[in-house]
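Peer 1: let me see the structure of the following:
(one chain, ligands or ions: 1)
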Amino acid sequence: MMTLTVPMHVPVLSKEVDTFLGQNCESNFLDMTLGFGGHAEIILKDKPPSFRYIGIDRDPEAIEFCKARFESDPRISILNSNHDDVWGNETFEQAKASFAPIGFESILADLGVSTYQLKKAERGFSFSKEGPLDMRMDNKNGLTALEWIQRQDESTLAYALWIYGEERASRPIARSILKMLELGQLQTTLDLARAVYQVLPLEIAKRKGHSNPATKTFQAIRIAVNGELDRLNYTLQNAFKNLAPLGRMGVISFHSLEDRIVKHTFRKMAGIYDGPGRLSPTKLIKEAEILTPNGVVPEVSEIESNPSSRSARLRVISKL
Ligand SMILES: C[S@@+](CC[C@H](N)C(=O)[O-])C[C@H]1O[C@@H](n2cnc3c(N)ncnc32)[C@H](O)[C@@H]1O
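Peer 2: Prediction:
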């Protein structure tokens, strides 16, 4: 099996994912964010040889790892793709037609990045390790973080930091990043972190016991570079269409904006009106039941053993 030089990924809310999505599922499962196969392994544990699991991931390294990890398991089919692009894709549709002709019994999307991606310096996600300013989950396609920054002006960069990172100092940080870019001093992840520290000094944050001041900026640029929120609603609608009657769909999100999109999309599927005013439009059709009204968050013991799970929230619906 491919050997990893950094920790892989501990699947979050795995007990809850198994309870809501694994145990009810008898013949097929669609995993839209296979990652390093942590959830896949748990779901597949007691399933019969006839069970079928399709796992999709846009990260070629995660795919390579999973192909080796599940090499001897004929139940799983692995596809390297952005999950936004699979609907109508020939390989996906063929697999679906033979494994899940009336739709999938369970669908999972565990959004965001894996620990492996975050920790591997060469991938450029880490503010504490020197690496190229990359941050692409699919590191073979699209603009790197540096190329993306080069295309921003102060307002658009500050807007992204504010919206995707909820960074209150978005304006001065954007100015500092673009200043370093202009001076030819923005090449690596540590350069980007330094641009943030010029506005929010690292020493002060350390003295006060606060988290690293570059956290929000890195999160915001990562979300923008990977277009993480752009087509989430579209993907959830497509996934829902591919769900079998009484099938279940679960989404784990790590960001309030992401969770809000999931929540409102699910509420709309359940025929619940979230718009302004008291009167709901008559056009809303109830097509699903919400199984987790407030979402499910990790238990304290999980957060203690895996701090990356602290902002996770799982929402699940069942198709009528
Ligand atoms: C949190 S990890 C998933 C971990 C996985 N559940 C496990 O147990 O190993 C998220 C994964 O989703 C992938 N991903 C994120 N957005 C994606 C997209 N639009 N299409 C396909 N994969 C995506 C990332 O590359 C990453 O490997």
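
Peer 1: from Leu161, how far out is Ile223?
Peer 2: Distance, Ile223 to Leu161, using C-beta to C-beta, to the nearest Å: 10 Å. C-betas here are computed from N, CA, C, even on glycine.

Peer 1: with neighbour numbers in mind, choose between those two.
Peer 2: Leu161 (26 against 22; other C-beta atoms under 10 Å).

Peer 1: the more buried one: what's it in contact with?
Peer 2: With contacts defined as C-beta atoms under 8 Å, 6 or more residues apart in numbering, Leu161 is in contact with Glu167, Ser170, Ile173, Ala174, Lys216, Thr217, Ala220, Ile221.

Peer 1: so which of the residues you listed sit within helices?
Peer 2: Ser170, Ile173, Ala174, Lys216, Thr217, Ala220, Ile221 (DSSP state H).

Peer 1: report pLDDT for Leu279.
Peer 2: pLDDT, Leu279: 59.

Peer 1: tabulate the ones in helices among the contacts of Leu161 (a markdown table), appending neighbour count and distance to the ligand.
Peer 2: Output for the ones in helices among the contacts of Leu161, formatted as a markdown table (neighbours: other C-beta atoms under 10 Å; distance: C-beta to the nearest ligand atom, whole Å):
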| residue | neighbour count | distance to the ligand |
| --- | --- | --- |
| Ser170 | 23 | 24 |
| Ile173 | 28 | 25 |
| Ala174 | 26 | 25 |
| Lys216 | 22 | 19 |
| Thr217 | 29 | 20 |
| Ala220 | 24 | 16 |
| Ile221 | 26 | 15 |
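
Peer 1: what about the nearest residue to Pro172 once chain neighbours are set aside, how many residues nearby?
Peer 2: The spatially closest residue to Pro172, leaving aside those adjacent along the chain, is Val199, at 4.6 Å (C-beta to C-beta, 6 or more residues apart in numbering). Residues within reach of Val199, counting by other C-beta under 10 Å, total 18.

Peer 1: Val199: which element?
Peer 2: Counting by DSSP states H and E, no helix or strand carries Val199.

Peer 1: what does Ala224 give?
Peer 2: Per DSSP H and E: helix 215-225 holds Ala224.

Peer 1: helices or strands next to that helix in the packing?
Peer 2: Helices and strands touching helix 215-225, by 3 or more C-beta pairs under 8 Å, 6 or more residues apart in numbering; DSSP states H and E, are helix 145-150, helix 154-165, helix 189-197.

Peer 1: so which of those helices is the most packed in?
Peer 2: Among the helices and strands packed on helix 215-225, helix 189-197 has the highest mean neighbour count (mean count of other C-beta atoms under 10 Å), at a mean of 21.

Peer 1: what angle sits between that one and helix 154-165?
Peer 2: Going by axes from the mean of the first three to the mean of the last three C-alpha atoms, to 10 degrees, helix 189-197 is angled at 100 degrees with respect to helix 154-165.

Peer 1: what is helix 189-197 packed up against?
Peer 2: Applying 3+ C-beta pairs under 8 Å, 6+ apart, one finds that helix 189-197 makes contact with helix 170-182, helix 215-225.

Peer 1: low-scoring stretches of the chain, by residue?
Peer 2: For the chain, the stretches with pLDDT under 70 are 1-7, 276-282.

Peer 1: quick check: residues of it near the ligand?
Peer 2: Counting by C-beta under 6 Å from any ligand atom, the chain comes close to the ligand at 9, 11, 33, 35-39, 56-59, 62, 82-84, 110, 112-114, 137.

Peer 1: narrow those to those in strands?
Peer 2: Ile56, Asp57, Asp110 (DSSP state E).

Peer 1: domains for the chain, by residue range?
Peer 2: Structural domains assigned to the chain are 14-112+230-319, 121-225, following automatic domain parsing.
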